[in-house]
Structure formats: structure tokens, C-alpha cells
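Peer 1: coordinates only, sequence not included:
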């Protein structure tokens, strides 16, 4: 179960962190994000810098990401609530409740993955061929690091 939660959390955060773009005048905060803004902002700044995004690209992505978050708000809220319910059941030692929520968590994880892929496909449309190649290289590096961490567990 811990791996499922971790995967859901990673999918949710990576969808936001990997593709949110920094507000250059906003002190490093990510646009449209919630939660750990400082960390997400650093990730966004890193991605924007690595890809050398133009101001126009940043504005395009800002609008795309805002629309994405608005369109999927109810799903993200429901997934967050499911996670909180599972966490409460775990802390209470309620195995029946945990078992009942397991299939919902798995379904939400699959949906997170689909949403992440759709958002990524949209993001890639604003990149130049050179930026896309760099983005693919960054994704491959991240996947390799993730695989190393999973092997250590």
C-alpha cells in the first residue's frame, strides 16, 4: 500500500512540478500550484532554465497549465480526499476501510498517469525541436534516478 500512495503522490506532484513554469516576478513561486510552493518553484525554474524557455513560451504554458488545473480540479480534490481518508484509516488501524479504498487509489493513480501524459503532450507542443530533445533527455535522467531509488528499496 505504501508504494501505491507513493506512486499516486509522485504522479500528482510530478505532473505539477515538472511542467509548472515560474513567475519571473513572483519570487520563485510556481503558477497555479498548491502545497510546497518553494520546492515546486525551484523545480519549475530549473526546468525553464534548462530548456531556455522564452517569455512567450512561459506565458503559453502558464495559460495551458491554469486551464488544465481548472478542468481537473474536481478530480484532484477527490483524489486528495481519498488519500486523506486512507491515511486516517491507516492511523486508526481500520484495515477494512483501507481495503475498501485500495481500488479507488489504484484507479486514481491510473487517471493521474493519463492526465500527466496529456499535460506533458500539451507542454511539448510549445517547445522547439531542440528544447524537446533536451526535455526528453531530462525525462530519461529522471527516470534513471527513479529506477535507482526503487532498486534500493
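Peer 2: Structure received. Everything numeric in this text was worked out from a predicted model, so none of it was measured. Residues are numbered from 1 along each chain as shown.

Peer 1: any idea how far residue 69 is from residue 101?
Peer 2: From residue 69 across to residue 101, the span is 24 Å (C-beta to C-beta, to the nearest Å). (Glycine included, C-beta is placed from N, CA and C.)

Peer 1: looking at these two, which is more packed in?
Peer 2: residue 101 (21 against 18; other C-beta atoms under 10 Å).

Peer 1: surely that one touches residue 84?
Peer 2: No: the pair residue 101 / residue 84 is not scored as a contact, 10.4 Å apart, by C-beta atoms under 8 Å.

Peer 1: how about the helices of this protein, start to end?
Peer 2: Here the chain has its helices, by DSSP state H, at 2-17, 37-51, 55-71, 73-92, 95-124, 129-152.

Peer 1: lowest average confidence across those helices, which one?
Peer 2: For those, the weakest mean pLDDT is recorded on helix 2-17, namely a mean of 48.

Peer 1: contact partners for the closest residue to residue 127 other than its chain neighbours?
Peer 2: Once flanking residues are discounted, residue 127 sits nearest to residue 135: 6.1 Å by C-beta to C-beta, 6 or more residues apart in numbering. The neighbourhood of residue 135, defined by C-beta atoms under 8 Å, 6 or more residues apart in numbering, consists of 51, 124, 127.

Peer 1: isn't the first one up against residue 131?
Peer 2: Yes: taking contacts as C-beta under 8 Å, residue 51 lies within contact range of residue 131: 4.7 Å.

Peer 1: give the residues shared as contacts by those two.
Peer 2: Listed contacts common to residue 51 and residue 131 are nil; contacts here mean C-beta under 8 Å, 6+ apart.

Peer 1: what number of residues lie near residue 79?
Peer 2: 23.

Peer 1: that one is in contact with residue 110, isn't it?
Peer 2: No: Residue 79 is beyond contact range of residue 110, at 11.3 Å (criterion: C-beta under 8 Å).

Peer 1: how about residue 97, nearest residue that isn't a chain neighbour?
Peer 2: residue 89 is the one closest to residue 97 (C-beta to C-beta, 6+ apart), at 3.7 Å.
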